[in-house]
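**Student:** Requesting a structural model of the entry that follows:
(chains A and B)
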Amino acid sequence: EAQVTQNPRYLITVTGKKLTVTCSQNMNHEYMSWYRQDPGLGLRQIYYSMNVEVTDKGDVPEGYKVSRKEKRNFPLILESPSPNQTSLYFCASSFLRTGVGGEQFFGPGTRLTVL
Amino acid sequence: GENVEQHPSTLSVQEGDSAVIKCTYSDSASNYFPWYKQELGKRPQLIIDIRSNVGEKKDQRIAVTLNKTAKHFSLHITETQPEDSAVYFCAASLSGSARQLTFGSGTQLTVLP
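**Tutor:** Numbering: from 1, shown residues only, chains lettered A, B, ... in the order given. Okay, here's the model as predicted:
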């Protein structure tokens, strides 16, 4: 089954404790992206990657890191989480091509609470 | 960068009525405009999209219209049903595809039985 998976789905942590949210896709997509979703603000892009070893900042990258060592995986790293990073996080992937078939597929989401 | 504004933030309609959600974008070079539906507790899913070389696109009860001159696009849902209740997000991209989407803030649509 074609899918994007994220782990963990729910996480409660404390300020300053490093954490990683994993994202994996099995559709051979070149493009992967992380978003955070907050009430009234929609989905805001944190980081994206066009391919292996190619990453770039989105609209709200402060406090986050990513890596793309393999095509299928795109982990999101919070080196020192703070309460303002409490949010719902979505990973997404798509092909790079334009035109038909370029739909972005979202993972199930990770609900993060930083105390 | 691109900025997308979405209105209204909440919309209630009676079952069977039509619903219209409107978005405006700031960058005239944007050329791909998808709409996503997010049911409660679920992930966003693409329901329809339109590219800048097309003025209107329909898929059964949903349609999207694009006015490039005014830089706005709208989602139209006809004959609404309770299962249409969800949050709807518009988005815009400069890449011609789903890469680097800028999303609107979302519209909570409630279809009243």
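**Student:** Pass me the low-pLDDT residue ranges in chain A, would you?
**Tutor:** Scanning chain A for pLDDT under 70 picks out A:98-102.
**Student:** for chain B, what are the nearby residues on it?
**Tutor:** Those residues of chain A that sit near chain B, judged by C-beta under 8 Å from any C-beta of the partner chain, are A:31, A:33, A:35, A:40-45, A:48, A:50, A:58-59, A:90, A:94-99, A:102-104, A:106-109. Using the backbone N, CA and C atoms, a C-beta is placed for each residue, glycine as well.
**Student:** quick check: longest strand of chain A.
**Tutor:** Secondary structure of chain A read by DSSP state E shows that its longest strand is strand A:42-51.
**Student:** Let me know how buried B:Arg61 is, in neighbour terms.
**Tutor:** Neighbours of B:Arg61 under the rule other C-beta atoms under 10 Å in any protein chain shown: 13.
**Student:** quick one: contacts for the closest residue to A:Ala2 other than its chain neighbours?
**Tutor:** Residue nearest to A:Ala2 in three dimensions, not counting chain neighbours: A:Met27, with 4.9 Å by C-beta to C-beta, 6 or more residues apart in numbering or on different chains. By C-beta atoms under 8 Å, 6 or more residues apart in numbering or on different chains, A:Met27 lies in contact with A:Ala2, A:Gln3, A:Val4, A:Ser93, A:Phe105.
**Student:** ok, and the most crowded of those residues?
**Tutor:** Using other C-beta under 10 Å as the neighbour criterion, A:Ser93 leads the contacts of A:Met27 with 27 neighbours.
**Student:** what does the helix or strand that one falls within contact?
**Tutor:** A:Ser93 belongs to strand A:87-94 when elements are defined using DSSP states H and E. With contact meaning C-beta under 8 Å, 6+ apart, strand A:87-94 is reached by A:4, A:6, A:21, A:23, A:25, A:27, A:29, A:31-38, A:43, A:46, A:74, A:76, A:102-107, A:109-112, B:43-44, B:97-99.
**Student:** picking up where we left off before, make TSV out of the contacts of A:Met27 and add secondary structure.
**Tutor:** Below are the contacts of A:Met27 laid out as TSV (DSSP: H, G, I helix; E, B strand; the rest coil):
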residue	secondary structure
A:Ala2	coil
A:Gln3	coil
A:Val4	strand
A:Ser93	strand
A:Phe105	strand
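**Student:** can you give me the strands in chain B?
**Tutor:** Using DSSP E, strands in chain B cover B:4-7, B:10-14, B:19-25, B:32-38, B:45-51, B:56-59, B:62-67, B:72-77, B:86-92, B:102-103, B:107-112.
**Student:** Likewise for chain A?
**Tutor:** Using DSSP E, the strands of chain A run over residues A:4-7, A:10-13, A:19-25, A:31-38, A:42-51, A:54-57, A:65-66, A:76-78, A:87-94, A:105-106, A:110-114.
**Student:** residue contacts, B:Ile77?
**Tutor:** When contacts are counted by C-beta under 8 Å, 6+ apart, B:Ile77 is found next to B:Ser18, B:Ala19, B:Val20, B:Arg61, B:Ile62, B:Asp84, B:Leu109.
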